[in-house]
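J.: Please work out how this folds:
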Amino acid sequence: MNIIFLLIGISLLLACGFLAAFFWAMKSGQNDDLHTPGMRILCDDEP
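T.: As a prediction, the model looks like this:
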């Protein structure tokens, strides 16, 4: 029964780590422009 409590604690710490990484990515602006990179391949390069 103790192993279940240990695994629950580890999973909560892991989930909090992923949540913190998500908030860091949103704060640093990594998801600001999702449209332009997909459209860049469709445009011709002008010399």
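J.: which stretch of helix or strand covers the residue nearest in space to the middle of the chain?
T.: The C-alpha lying nearest the average C-alpha coordinate of the chain belongs to residue 22 (CA atoms, centre = their mean; 4.5 Å). For residue 22, the host element (DSSP states H and E) is helix 2-27.
J.: again, but for residue 39
T.: helix 36-40.
J.: and stretch 25-39, what's its mean pLDDT?
T.: Mean per-residue pLDDT for stretch 25-39: 80.
J.: Now do the buried residues in that stretch.
T.: Judged by neighbour count (16 or more other CB atoms under 10 Å), stretch 25-39 contains no buried residues. For the C-beta atoms, the positions are set from N, CA and C on the backbone; glycine is no exception.
J.: CA atoms only: put that stretch into PDB for me.
T.: Provided in PDB are the C-alpha atoms of stretch 25-39 (Å, rounded to 0.1, in the frame of the first residue of the first chain):
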ATOM      1  CA  ALA A  25       6.900  28.300 -22.600                       C
ATOM      2  CA  MET A  26       3.800  30.500 -22.700                       C
ATOM      3  CA  LYS A  27       5.500  33.300 -20.800                       C
ATOM      4  CA  SER A  28       8.600  33.200 -23.000                       C
ATOM      5  CA  GLY A  29       6.500  33.600 -26.100                       C
ATOM      6  CA  GLN A  30       7.300  30.300 -27.800                       C
ATOM      7  CA  ASN A  31       3.700  29.900 -29.000                       C
ATOM      8  CA  ASP A  32       3.000  33.500 -30.200                       C
ATOM      9  CA  ASP A  33       2.800  32.900 -33.900                       C
ATOM     10  CA  LEU A  34       1.600  29.400 -35.000                       C
ATOM     11  CA  HIS A  35       0.300  30.500 -38.400                       C
ATOM     12  CA  THR A  36       3.400  31.900 -40.100                       C
ATOM     13  CA  PRO A  37       5.700  28.900 -40.000                       C
ATOM     14  CA  GLY A  38       3.100  26.700 -41.700                       C
ATOM     15  CA  MET A  39       2.500  29.300 -44.400                       C
END
